[in-house]
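# build the 3D model from these lines:
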Amino acid sequence: MLKCSACSKEYNESSLLWRCPCGGYLVLEEEDPVSLPGSLDSRSFSQWRYREILPVAEDRNIVSMGEGLTPVVSQKWRNRNVLFKLDYLCPTGSYKDRGISLLVSKLKELGVDHLVEDSSGNAGASMAAYCSRAGICCEIFVPEYTSPGKCVQIEMYGAKLKRIKGSREDTTRVAEEASSSRYYASHNWSPYFVHGIKSLAYEIHEQIGDFLPDHIVVPVGQGSLVMGLFQGFSELKRAGRIKDIPSLIAVQSSRCAPLFKAWKEGLNRPFAIKKQETAAEGISSADPVKGDVVIGNVKESGGKFVTVDDSQVWSSLYDLACAGFYVEPTSAVVGAALDTILTDGTVKESATVMAILSGSGLKATEKILHHRQSEKAPGK
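Coordinates of the predicted model:
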């Protein structure tokens, strides 16, 4: 059952609504308490090992490429041990595969055979790949400034790519207009996408055990990582599997920080902002659809929002690469945020910290090369 976040009206999933007619986003209301996985022996080596918590009715509809089960690597960062979760090693090069695998599986189950999606790049690439496997026709709308590497990836999977002049928000508007005759599979509006992302919380718990990190640092644009982690850890807490939810440190670019600004002013939802171009293109979202949920989740976890500027992002990108982590600039915001929270008193000496690395540097090769050519790279 789908329930509107604004007017509380309920709809059957078979209605194929992506948004309530009143304008509110839809939430998946599960009838029974989530049944948590028991023994994981002999389970699939993917996020689908947590099958019970992923809302697809029949296994035959599952569309998977082994997403999830990414490594956790301990690394010294500013003289502190930090755990890095390498989710950029998912099949299409970003954590979005978790949510898209679930979303496409559900749409296959509901009989969708043609869809449109808008994306800054990573979700579009993921959607194109999983739709190809599912036999679903797919059109992806991206801003004209999207990294060429991501655009090539989308087209190679067989999707129809449409580059849109203007902002990320302009791209969304065009995609919504195009959805009049096709299903709009927006990962930002979808009531299903976050249920795939929540597998990350279950996976961290399996890999680390009961001694979860005290803090988890994530890049935030629309906020799916915050929402997925919070939902997953909340389910584990209700089931008595864990005692506390890690505090979530949500990182935004100072050039596009609607969630940070709202949180800073004590507001429960973001307001319209005028953004600037940023190296962290993947989190350049001026109007987060579920911003109220993201802010609420961060607050309830005992976390905070942090902003970083582009110079910090580029510096962090090189430092991460020197540690063996080749990520895109959007992912590098977490390294820049670590520089702040490890020195400003946010993190106690005894606390453990994890940072989620969300997207591969291979997707942003031209952007990284351009920066290296325009400025002397640190350490050279």
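# use CA for all of it now, contacts and neighbours both
OK.
# so what's Gly361 up against?
326-329 (Cα atoms under 8 Å, 6 or more residues apart in numbering).
# before we move on, what SS does Val142 have?
strand (DSSP: H, G, I helix; E, B strand; the rest coil).
# what's across from it in the sheet?
Beta-bridge pairing of Val142 under DSSP bridges involves Arg163.
# correct me if wrong: it contacts Val116.
No. Counting by Cα atoms under 8 Å, Val142 stays clear of Val116, with 11.0 Å between them.
# out of the contacts of Gly361, who's nearest Thr365?
Glu328 (8.2 Å; Cα to Cα).
# who has more neighbours out of Val142 and Val116?
Val142 (29 against 24; other Cα atoms under 10 Å).
# quick one, helices of the stretch 251-380 of the chain?
258-264, 291-300, 310-322, 329-341, 365-374 (DSSP state H, counting those that start in this stretch).
# contact partners of the last one?
Here helix 365-374 makes contact (Cα under 8 Å, 6+ apart) with 147-149.
# what does the third one give?
Applying Cα under 8 Å, 6+ apart, the contact partners of helix 310-322 are 253-254, 278-280, 326-330, 332-333, 335-336, 377-378.
# of those, closest to Lys165?
Thr278 (16.5 Å).
# Val165 - how many residues pack around it?
For residue 165 the amino acid is Lys, not Val. Neighbours around Lys165, by other Cα under 10 Å: 12.
# how close does it sit to Ser253?
22 Å (Cα to Cα, to the nearest Å).
# what about the contacts of helix 365-374, which are in helices?
148-149 (DSSP state H).
# if you rank the contacts of helix 365-374 by neighbours, which is first?
Result: Ser147 is most packed of the contacts of helix 365-374 (other Cα under 10 Å), 20 neighbours.
# now that one. Nearest residue, chain neighbours left out?
With Cα to Cα, 6 or more residues apart in numbering as the criterion, Ser147 has its nearest non-adjacent residue at 5.9 Å, and that residue is Ala364.
# what mean pLDDT does whichever strand or helix holds Gln75 have?
Assigned by DSSP states H and E, Gln75 belongs to strand 72-77. Mean per-residue pLDDT for strand 72-77: 98.
# residues making contact with it?
By Cα under 8 Å, 6+ apart, strand 72-77 touches 81-86, 207, 323, 338.
# among those residues, which are in helices?
Per DSSP H, the contacts of strand 72-77 map to helices at 207, 338.
# quick revisit: relative to Arg98, which of the helices of the stretch 251-380 of the chain is closest?
It's helix 329-341; of these, that one is closest to Arg98 (Cα to Cα) at 16.5 Å.
# with that, I have no additional questions.
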